[in-house]
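Chemist: here are the coordinates; sequence isn't available:
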């Protein structure tokens, strides 16, 4: 365990922000750190805390060798504070201050807006760790368990990154917000996390893969747009976080892919050609493709809700003030100020779905969501290639963006996954085919058994093509602590 | 925005509020229908409100007192998750004409004062149970409650973000209640009113912004428990049942004239004036309060009150160019005195109390009405007691002196009653007579000594109760010239002059809200920094900030 009293922050915390000379932040972190360690210890079951996990630790920002792999006990993980290198002469990339030198300090007029964005981003990071806290017990392999913990510690590091910004740049208020990030907790009645999707439990591994593929991808999009921030420390922080986030999406995409692969393989081995022969497929201990589609419908639509209202004042303000850019802002060929530009958004007029043009500035959320949908479609295409390669007649499909929405113009209306407005009766009847129900959940849960032999995998999922850090198939990714 | 606004509503028509009654506790849920805005062009998202939402709230509060006198505690809460109330709808404010904004704020202020005073007046205590964002007008709603409870979920906060967000003020009582009612230290208030995100948790208590914070998981239980404690501690007498407030009997003529059962308002568009004639009682006073109760809202004193209240609201909002209100009365002053006396001598009866408190509110509404008000005390009039109070609310009063040729109505008199010496105070907490005679307090005593006497013009003039008395020869010309002159003045100058002259004497929270805060807000409402094309209010929602003229004025 860390020596909490005599922790040497400069050696314990890999950083490139001159932590040892920064008395203010050092003092703040000293106060915050014990609470963080408590949070972590309360969260992850003790058995896993004591286990040695083969983890990647970010130690520098050198693109050639930013991380090291080694066995580490999670509470001793070195949560670093690393910002991507400062770009000489960087300017504010968008909005009314475009072209002016990027801010190195928080501009007073935007202090509140910026703080709120950082707090919301920071609130999601520990939330997912909380949501996934029980999954270690049912990991289908040591490889997957390691991936789970890798995602967890890195979300923890992302919390650190946001907390550093709050403590470094937002004074007393920032320190209070940093403390509140540890106070709120996913699903808590007392102080829930700020966004609804982060208060849902992640009940099984397929949910975890879907979450990392779809919901972490929302995180990626948010980080991408914050990486465009005119506030340089925020931009640099997010740029570096994105290098880690890629792994989370990898875990999601390959996790779902391996689940699909295993199902197809077992179907083929048993001569099942109809993917809708659900009972027969389930009897063989694998998850049928229609159920995987239903899980996808759920997680994709929950994630769309995270983008907020289609037309948003806050998003417009954030863009115009240069605090938050668009996805790949620097590659977009326009004035970067959206003067007079319009963007197409959905709207409900007299109960009908229509698209109309609104000032592009107000449609920043919608645009980011559209970018997200395109980004999310990539992996779905690869899953379909896999299914086709295995010779199974089935195609995964992202549902229409109107389906199952709780936020925005579609909320409160009954749309089917194709985007048709249907009657209440049709909707109820369709639900069994569209979204996972409790019986589906029970079935998936019944497959969730812990497999802890190195190189072995639960029957519902295929092994990965290659190991982490190019390790061989029987590598012991987690040396479990046996109490 | 030329459509006529109707201030009458009833629970069957509510779109934004619902009430669940549970013995002495009423749960009042704000659940604004996004698509239920009074006008086109905006959606009432996040429990934001417009005048339509406030008209319903005013109706809820009024019915709470007359129809549900069993209620001792009202819990105001949100019917939407994650948000208490986001305040006045910004897009509505951005689109609204200046006059509408001003009228909207005035009515909102009056409604807040009404439920704020419900505890002192009627023993109905309002609790604000705040969960989720409570910003701007939302916090102003809570501020007007008697007790504010905030959930401690580390997210919910109370906030007045108008200044940083919109470049306007928390102008419907917000700034004033923070300092005068909650007694927040001014430097803390300064911080509170310049940050968007507001204050949450323990600090909200430490800074006196809320009365208590409650653990989120126990919030509903503690709110109910607190409501139960307040109800048990209440001194309000138990009342078995209330009376029904039925729809008013009102017709609007083609020219805009109004006819009710007890009054009419005759419109003279060319002259820019409306003549409001109040009719005295058409029957004898009920024998006792049981008889009054049996008559319910048809009892004369309540019927007249409701009709006058509606007429004031209607004319104020729908007839902006009728800048001059001439108020007359016709009827038997003794009969009126008898009706009033029944209430005054049974002031501890719940219904008598409610009717009298209602009259107090109506007279205050008249005080803050931005129209030139003039009363004509003619022969056959019945300016007695509460109605005589109108003479002290208006800017000028003229009284007929002596016999008029061909006029066989009863000679004009004014009769004072107990109602003129305490139960109908103005916003400054003085009676209208005390305010009138601020420099000669002995005149109040002299008038009081003549209580109950039917005072003729000479006597009323001697006592200083009317502005001018005019005989048969002068009456017609003098009145005509005065009315023509008045109608020719700048409406802005008139509004400003009258509002200043009406409220002599001490400041109270109420006069500070209606005077100081409202005046500043209305000034900001015409300044380019807020409402100009590049102002913050107009630009709100576009993502582009307001462009401010940095000159301090």
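Modeler: Noted; the coordinates are in hand. Every value quoted in this text rests on a predicted model; they were computed, and no experiment measured them.
Chemist: The residue positioned nearest the centre of chain A: what's it in contact with?
Modeler: What sits nearest the mean C-alpha location of chain A, by C-alpha atoms, centre = their mean, is residue A:216, with 1.6 Å. The contact partners of residue A:216, by C-beta atoms under 8 Å, 6 or more residues apart in numbering or on different chains, come to A:128, A:151, A:245, A:248, A:249, A:252. (Glycine included, C-beta is placed from N, CA and C.)
Chemist: and with 6 Å instead?
Modeler: Contacts for residue A:216 (C-beta atoms under 6 Å, 6 or more residues apart in numbering or on different chains) come out as A:248, A:249.
Chemist: Could you do residue B:400 as well?
Modeler: B:378, B:379, B:412.
Chemist: dump the residue contacts of the closest residue in space to residue A:95 that isn't next to it in sequence.
Modeler: Spatially, and ignoring its direct neighbours in sequence, residue A:95 is nearest to residue A:322 (3.9 Å; C-beta to C-beta, 6 or more residues apart in numbering or on different chains). Taking C-beta under 6 Å, 6+ apart, we find residue A:322 in contact with A:92, A:94, A:95, A:97, A:230.
Chemist: neighbour-wise, which of the residues you listed leads?
Modeler: The residue in these with the most neighbours, by other C-beta atoms under 10 Å in any protein chain shown, is residue A:94 (28 neighbours).
Chemist: so what's that one closest to, chain neighbours aside?
Modeler: residue A:336 (4.3 Å).
Chemist: what's the answer for residue B:253, then?
Modeler: residue B:259 (7.0 Å).
Chemist: Isn't that neighbour up against residue B:251?
Modeler: Yes - using C-beta atoms under 6 Å, residue B:259 makes contact with residue B:251 at a distance of 4.9 Å.
Chemist: Kindly list the longest helix within the chain.
Modeler: Answering for chain A, as no chain was given. helix A:232-269 (DSSP state H).
Chemist: wrong chain, I was asking about chain B
Modeler: helix B:98-122.
Chemist: thinking again about what came up before, same for the longest helix of chain A, what does it pack against?
Modeler: helix A:142-169, helix A:205-210, helix A:216-227, helix A:364-389 (3 or more C-beta pairs under 6 Å, 6 or more residues apart in numbering or on different chains; DSSP states H and E).
Chemist: what's the angle between the longest one and helix A:232-269?
Modeler: To tie it back to what came earlier, the one meant is helix A:142-169. Inter-element angle recorded for helix A:142-169 and helix A:232-269: 160 degrees (by axes from the mean of the first three to the mean of the last three C-alpha atoms, to 10 degrees).
Chemist: is helix A:142-169 up against chain B anywhere?
Modeler: No - Helix A:142-169 stays clear of chain B (C-beta under 6 Å from any C-beta of the partner chain), getting no nearer than 13.2 Å.
Chemist: Excluding sequence neighbours, find me the nearest residue to the closest residue to chain A within the stretch 151-300 of chain B.
Modeler: Using C-beta to the nearest C-beta, the closest approach of the stretch 151-300 of chain B to chain A is made by residue B:217 at 3.9 Å. Computed as C-beta to C-beta, 6+ apart, the closest residue to residue B:217 that is not its neighbour in sequence is residue A:189, at 3.9 Å.
Chemist: got the contact list for the residue of the stretch 201-350 of chain A at minimum distance from chain B?
Modeler: The minimum distance from the stretch 201-350 of chain A to chain B, using C-beta to the nearest C-beta, falls at residue A:316 (2.5 Å). Applying C-beta under 6 Å, 6+ apart, we find residue A:316 in contact with A:361, A:362, B:543.
Chemist: Try it again at 10 Å.
Modeler: Going by C-beta atoms under 10 Å, 6 or more residues apart in numbering or on different chains, residue A:316 touches A:95, A:338, A:359-365, B:539-544.
Chemist: circling back: quick one: which of residue B:259 and residue B:251 has more around it?
Modeler: A count of neighbours by other C-beta under 10 Å puts residue B:259 above the other of residue B:259 and residue B:251, at 14 against 9.
Chemist: hang on, the earlier thing: in the longest helix of chain B, which residues are buried?
Modeler: Going by neighbour count (16 or more other C-beta atoms under 10 Å in any protein chain shown), the buried part of helix B:98-122 is B:100-119, B:121-122.
Chemist: List the contacts of stretch A:342-357.
Modeler: A:309-311, A:341, A:358-367, A:369-370, A:400-402, A:408-413, A:415, A:419-421.
Chemist: ok, which residues in the stretch 51-200 of chain A are in contact with chain B?
Modeler: Counting by C-beta under 10 Å from any C-beta of the partner chain, the stretch 51-200 of chain A comes close to chain B at A:95-96, A:109-113, A:115-116, A:119, A:123, A:173, A:176-177, A:179-185, A:188-194, A:196.
Chemist: Buried members of the residues you listed into PyMOL, please.
Modeler: Paste this into PyMOL to select the buried members of those, with burial taken from 16+ other C-beta under 10 Å:
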select buried, chain A and resi 95+110+111+112+113+115+116+119+123+177+179+180+181+182+183+184+185+188+190+191+192+193+194
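Chemist: Name the nearest residue to the most centrally placed residue in chain B, sequence neighbours excluded.
Modeler: Centroid-nearest residue in chain B: residue B:110, 3.1 Å away (criterion: C-alpha atoms, centre = their mean). Using C-beta to C-beta, 6+ apart and skipping the chain neighbours, the partner closest in space to residue B:110 is residue B:365 (6.2 Å).
Chemist: That neighbour sits in which helix or strand?
Modeler: Assignment of secondary structure by DSSP states H and E places residue B:365 within helix B:350-367.
Chemist: How far off centre is that helix?
Modeler: Helix B:350-367 has its C-alpha centroid displaced from the chain centroid by 10 Å (C-alpha atoms, centre = their mean, to the nearest Å).
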